[in-house]
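Chemist: model the structure of this input:
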Amino acid sequence: FSGYDIVEELKQSFTYREEAAATLENSIMQDPLTQLELNEKAQQMYEIWDLTLNEIWGILKRNLDADNMAILTKAQLEWIGMKEQSMKEAGAEVEGGSMYGMVVSLEGARLTKDRVYELMEIVNEIDEK
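Modeler: Below is the predicted model:
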């Protein structure tokens, strides 16, 4: 890595966002919210994980060699296609309904969170070298 600070900053940011997403998820599950509020919180959760993924991706781009980055980019493009298809399928049952935004965002958040954890493993491997 180009410096300890970048990794430490990423880990602190990751922890903060993880907690923020968990707070939103708990609110969605437990609080008496309107459908609009549920939709907004689900969208915020998705945006948190997407922002985190993009931050990790930027660090990987700066620290992986060209060959490994090319392999990872190909896998990432495949993952994006799978995520978009899965979000579309999740929303198909409620398309046109008030729950659509929540269902699609929650699926996107779930998949993106999983991918964030996968990419963080790569960051941790690089950091250990």
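Chemist: please pull out the lowest mean pLDDT helix or strand from the protein.
Modeler: Least confident element among the helices and strands of the chain, by mean pLDDT, DSSP states H and E: helix 4-30 (a mean of 89).
Chemist: any idea which helix or strand comes after that one?
Modeler: Next in sequence after helix 4-30, counting helices and strands by DSSP states H and E, comes helix 35-63.
Chemist: show me what that next one is packed up against.
Modeler: Secondary-structure packing of helix 35-63 (3 or more C-beta pairs under 8 Å, 6 or more residues apart in numbering; DSSP states H and E): helix 4-30, helix 66-92, helix 100-128. Quick note: C-beta positions are derived from backbone N, CA and C, even for glycine.
Chemist: for E55, find the nearest of these.
Modeler: helix 4-30 (6.5 Å; C-beta to C-beta).
Chemist: what angle do the closest one and helix 35-63 make?
Modeler: 160 degrees (axes from the mean of the first three to the mean of the last three C-alpha atoms, to 10 degrees).
Chemist: quick one: buried residues of helix 4-30?
Modeler: 6-7, 10, 14, 17-18, 21, 24-25, 28 (16 or more other C-beta atoms under 10 Å).
Chemist: which other helices and strands does it contact?
Modeler: Using 3+ C-beta pairs under 8 Å, 6+ apart: helix 4-30 touches helix 35-63, helix 100-128.
Chemist: no further questions, thank you.
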